[in-house]
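1. need coordinates for the below:
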Amino acid sequence: MKLPLSLLSLALLGCVTSSPLQAKEALEFKDVFNFKSANNTQLSEDGKILSLSSTPYRGNAIGQVYSLVTNTLLSEVERGTKPYINKQANWVAFTQVPSLLDAETTKKKNTLKNNLVLVNTQTGKQKTFNDVKDYELSDDGQWLAYRQDIAEKPDEATQETNKEKTESAITADKKDKAFALVIVNLTNDRTHTIEQAFSYAISHVNDQLLVSQSYNDGNKNQITLVTLSDFSHSVLIDEPGVIASKITWHPSEDTVAFTMGNYVNDDARRRNYQLQLWKNEQLSSIHSPDKSWRIGKTATLDFSDDGERLYFKNHPKLASKIVTKKYTDENSLYDFDTIRDQKGLKVWHNQDPEIKPREIKQWNSVNKNRHYSAVYHINSEKVVQLSTPQVPTVNLNTQRTTILGSSNTPYLEKIMYGGFFADYYSVNINTGEKTTIINNSPFRPSLSPNGEYAAYFKNSQVQLKNLKNNNVSELTRAIKATFADDKHDYPSTQPGYGFAGWIDDSSSVLVYSKYDIYAFDVTTQQATRLTNGLPENTQYRVIKLDKAKVGFAKDEELLLSAVNLKTKQTEIAKLNLANNAVTKVLGGNKRFDVVKKAKHADKYLFTEQTYQQFPDFYQTDFSFKQPQKVTTLNPQMSHFAWGEKPELISYKGFDGEDLQGVLIKPAGYKKGDKVPVVVYFYRYMSQRMYDFPKMELNHRPNFPMFTSNGYAIFLPDIRFELGHPGRSSTQTMINATQKLIDLGIADPEKIGLQGHSWAGYQSAFMITQTDMFKAVVSGAPVSNMTSAYSGIRLKSGLARQFQYETGQSRIGKNLFEAPELYIENSPVFFADKVNTPILIMFGDKDDAVPWHEGVQYYLALRRAGKDATFLQYEGEPHHLKKFPNQVDFSIRMMQYFDHYLKGKPAAPWIKQGEPYIKE
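-> Residues are numbered from 1 along each chain as shown. From the prediction side, this is the model:
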């Protein structure tokens, strides 16, 4: 029978649309390279411009500029990174980096230069400037200043002159490089060049620029004020060797501050820098309260937003440099003092506050150039010292009149085994007076805006201290709510849930319970519950987009995140402090995050995401009634078989506690199918229910790579028993995985386990107790707690003892008190019980876990005749950083699971290893 032409056409169309060729593709590793993320997102102060760097996991970034007025993509910049929007938002600047190919193939990396690309936000047109070292845009967008990254080559005459002046030269520090400074009038493209510029800054209020010039011999060094309108120069300081290290302009006046030193003193660490203030065409010096104190090269400068205060750094005069003897003549070769001065030695002493690796790390990162904070009050011309060697740390907020100070100095030795503690103070910026809040505390207090009250957590309750009379009141004991973290399963003091902030007149402090936000009146100590999350199992928290904000107005409307702890939905709500009304503005089976607010406009950016929806940006005003999607960074997602919608699976923990895990079935899953499962875990994982997966390759499985290729991914919550983390996590994992088997989803012969670090340890231990898993990939596991206990975390220099006595490893006692617990929880002692193939991965420069912990386990398993393979990635820290190693491990992980869980032929390295061959 012949079909009518129209029906025949429809039939053929049906054949085409149902063809396997039209089916969604399974992800391959190369596809991961193309997934982009939004880096360095910037929102203009007027809320009209959004800029970001759309960066693929592997490839060249694309700078993007969006008009939020028209909600359109305005311009794209090839290889554009680090966008910056000037204050008036008429330009977006991008650092244009070399191509990935050039970066990978160029042997002399110092020959690679960055360009600067400016995008006009009105027209979308671009201006490109080549070989740019650094730059600054004026607030009004008229002026650009940049240093050109081209070494100036002196002519022959200059070279001869330089040779003659070598003896009188005042040379700059080795890393201090000067370049030509190019000034561009962006309205007419007129340029002006200033030679040998070291530091520079443009005024916020007029057409002036301050520049410090540094010449090869130092003899012509000067600090100059440039009027940009006519490029006229006014030399403020002309002195051989002079240099301005830091320059900052007043936010609203024709005033500039800078730190001035001189290369005549070639000891950069002991060189004294003077704080200079150019105001009303007068240059004045600002001195520390203690005249013996110095300002160092690395000291920072910062005006308060209102311009009334100038914050700077200083330090006590350093002791003279230790001079060691050198070999100079025949006699010196046999002189004991000279010989011993050439020794390589570090003395570890039991009275040292810190062990040597920690002391060295702290010296290099903090103490070598340690500075303390001071403030210059401009109107009163008074300098106040804020931090000191006794109270070395202050949390600077230039909008506050009182700030939080702290000192961990008395507890440096305790940190090694007991965790982090400090003494806390209220510091008055007008007087420098310090009032003790609490000593020996593991938790940071919250200080009221006026500095008269402090709230902190102690003895499982929120405490309020009146700093005027030192009276302390327990705020929360009579409240029927949970204020102590009930998920805390560490052998250490139970923390609270923290603080939302203060009312700006200091009349109330806002405190978090497990679910809600409470306001406590500091005078009456009476509580007002501002939200009602407990009945809905919803946890409310304030979204703080302005990190410098000091307090909330009494009638302010706050943005809240609202997380349902059972369903894991994250919604957005508003809390009106005037009437305590809570209104939800964004919701659904997704995760919502408000990420930015324009400084001077009613414009907000938020994202919404699920496992199958990338978190693109949306714009809205505070009503959230008509949001508009702005970006679409990964349209290619629609081509791939991504995986099914995640589900929450409920099960019991080791002690009967109700727990949850996230199950993501493979793409195209049919009810009744029993599929291979890869379990990935750490501690709590169910909060990832609505998270978009990270599209990268590293030490963990790329979830869509597995769910797109026939695997289910399971992310279970794990709980621990103090003293017995191994057996408790194992029983919890067995319960969680068995639930998948009971539901008929997991093929019991095709379940694999992958974990890294703490989860690497757990996975290594679990296979000594159960044969449930058919293959395990364990990254950076501790295998022997008796040896790891006295290991060192090389990144921080800390002894690892605190991890066992009070931290993550949860033993709760030292090695001498309970050696049996350390042995009980160490997989290396039970290697003979393992029947599961295991792939162990370590970087041999691991800076958290001693990598020989992996070697120990491998050797024990090898001696016991077990199926164990060890991957040693050379030069890698705790997490793989080098791209080839990330890709290699990801491929090997997939190959390993494909073989043991799917029965695919083994890659040669799985059965034979790889011989060491080095030509």
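2. which one's the longest strand in the chain?
-> Of all the segments of type strand in the chain, defined by DSSP state E, the longest one is strand 190-202.
3. each with direction, which strands does that strand pair with?
-> Strand 190-202 has its sheet partners listed here by DSSP bridges as strand 179-185 (antiparallel), strand 208-213 (antiparallel).
4. so which residues of the stretch 301-450 of the chain form strands?
-> 301-303, 309-314, 372-377, 382-385, 393-394, 402-407, 422-428, 434-441, 446-447 (DSSP state E, counting those that start in this stretch).
5. and the end-to-end length of stretch 134-149?
-> For stretch 134-149, the first and last residues are 8 Å from each other (CA to CA, to the nearest Å).
6. show me what it is in contact with.
-> By CB atoms under 8 Å, 6 or more residues apart in numbering, the surrounding residues in contact with stretch 134-149 are 84, 86-88, 90-91, 93, 113-114, 116, 118, 129, 131-133, 179-187, 197, 200-204, 207, 209, 228. All C-beta spots, glycine's among them, are computed from the backbone N, C-alpha and C.
7. are any of those residues buried, and which?
-> Buried subset of these (neighbour count, 16 or more other CB atoms under 10 Å): 84, 86-88, 90-91, 93, 114, 116, 118, 129, 132-133, 179-186, 197, 200-204, 207, 209, 228.
8. where does this structure dip in pLDDT?
-> Along the chain, the model assigns pLDDT under 70 to residues 1-22, 152-167.
9. just give me the longest helix of it.
-> helix 883-902 (DSSP state H).
10. contacts for it next, please.
-> With CB under 8 Å, 6+ apart as the contact definition, helix 883-902 has outside contacts at 29, 58, 676, 678, 696-699, 701-702, 705-706, 709-711, 750-752, 754, 774-775, 777, 837, 839, 841, 843, 871, 873, 876, 880, 904-907, 909-910.
11. kindly supply the ChimeraX command isolating those of those that are buried.
-> This is the ChimeraX syntax for the buried subset of these, where burial follows 16+ other CB under 10 Å:
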select :58,676,678,697,698,699,701,702,705,706,709,710,711,750,751,752,754,774,775,777,837,839,841,843,871,873,876,880,910
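12. mind checking which of the contacts of helix 883-902 land in helices?
-> Among the contacts of helix 883-902, the subset assigned to helices under DSSP H consists of 29, 705-706, 909-910.
13. between the residues you listed, which is closest to Arg810?
-> Closest to Arg810 out of the ones in helices among the contacts of helix 883-902 is Phe706 (29.7 Å), distances taken as CB to CB.
14. wait, that closest one touches Val678, no?
-> Yes - between Phe706 and Val678 a contact is recorded at 5.6 Å, counting by CB atoms under 8 Å.
15. for my notes, confirm Ile823 occurs in a helix.
-> Yes - using DSSP: H, G, I helix; E, B strand; the rest coil, the assignment for Ile823 is a helix.
16. number of residues surrounding the residue nearest to it when sequence neighbours are not counted?
-> Computed as CB to CB, 6 or more residues apart in numbering, the closest residue to Ile823 that is not its neighbour in sequence is Phe829, at 5.5 Å. Here the count is done by other CB atoms under 10 Å, and Phe829 has 17 residues near it.
17. Thr435 too?
-> For Thr435, the tally of surrounding residues (other CB under 10 Å) stands at 19.
18. ok, now which ones touch Thr610?
-> If a contact means CB under 8 Å, 6+ apart, then Thr610 has 589-591, 645-646, 690, 692 as its contacts.
19. can we see that at 10 Å?
-> Contact partners of Thr610, counting by CB atoms under 10 Å, 6 or more residues apart in numbering, are 588-591, 645-646, 689-692.
20. closest to Tyr789 among those?
-> Asp691 (34.5 Å).
21. could you confirm that closest one falls within a strand?
-> No - counting by three-state DSSP, Asp691 is located in no strand; its state is coil.
22. isn't it up against Arg591?
-> Yes - under the contact definition of CB atoms under 10 Å, Asp691 touches Arg591, with a separation of 6.3 Å.
23. quick check: neighbours shared by these two?
-> Each of 568, 570, 609-611, 615 lies in contact with both Asp691 and Arg591 under the rule CB under 10 Å, 6+ apart.
24. closest to Leu68 among those?
-> Set against Leu68, the nearest of those by CB to CB is Pro615 (17.6 Å).
25. what about that closest one, which SS state?
-> Each residue gets one of three states, and Pro615 gets coil by three-state DSSP.
26. hmm, back to that, adding distance to Ser332, write the strands paired with strand 190-202 out as TSV.
-> Formatted as TSV, the strands paired with strand 190-202 follow (distance: least, CB to CB, whole Å):
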stretch	distance to Ser332
strand 179-185	43
strand 208-213	42
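27. C-alpha coordinates for the longest strand of the chain, PDB please?
-> Output in PDB follows, covering the C-alpha atoms of strand 190-202 (Å, rounded to 0.1, in the frame of the first residue of the first chain):
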ATOM      1  CA  ARG A 190      46.900  62.200  23.200                       C
ATOM      2  CA  THR A 191      49.800  60.500  25.000                       C
ATOM      3  CA  HIS A 192      52.700  61.500  27.200                       C
ATOM      4  CA  THR A 193      55.500  59.300  28.400                       C
ATOM      5  CA  ILE A 194      57.400  59.400  31.700                       C
ATOM      6  CA  GLU A 195      60.600  57.400  31.900                       C
ATOM      7  CA  GLN A 196      61.700  55.000  34.600                       C
ATOM      8  CA  ALA A 197      58.400  54.900  36.600                       C
ATOM      9  CA  PHE A 198      58.400  52.600  39.600                       C
ATOM     10  CA  SER A 199      55.100  53.500  41.300                       C
ATOM     11  CA  TYR A 200      52.200  55.800  40.400                       C
ATOM     12  CA  ALA A 201      48.600  56.700  41.200                       C
ATOM     13  CA  ILE A 202      45.900  58.900  39.700                       C
END
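28. from Val678, how far off is His899?
-> The gap separating His899 from Val678 is 13 Å, by CB to CB, to the nearest Å.
29. anything in contact with each of the two?
-> Each of Ala775 lies in contact with both His899 and Val678 under the rule CB under 10 Å, 6+ apart.
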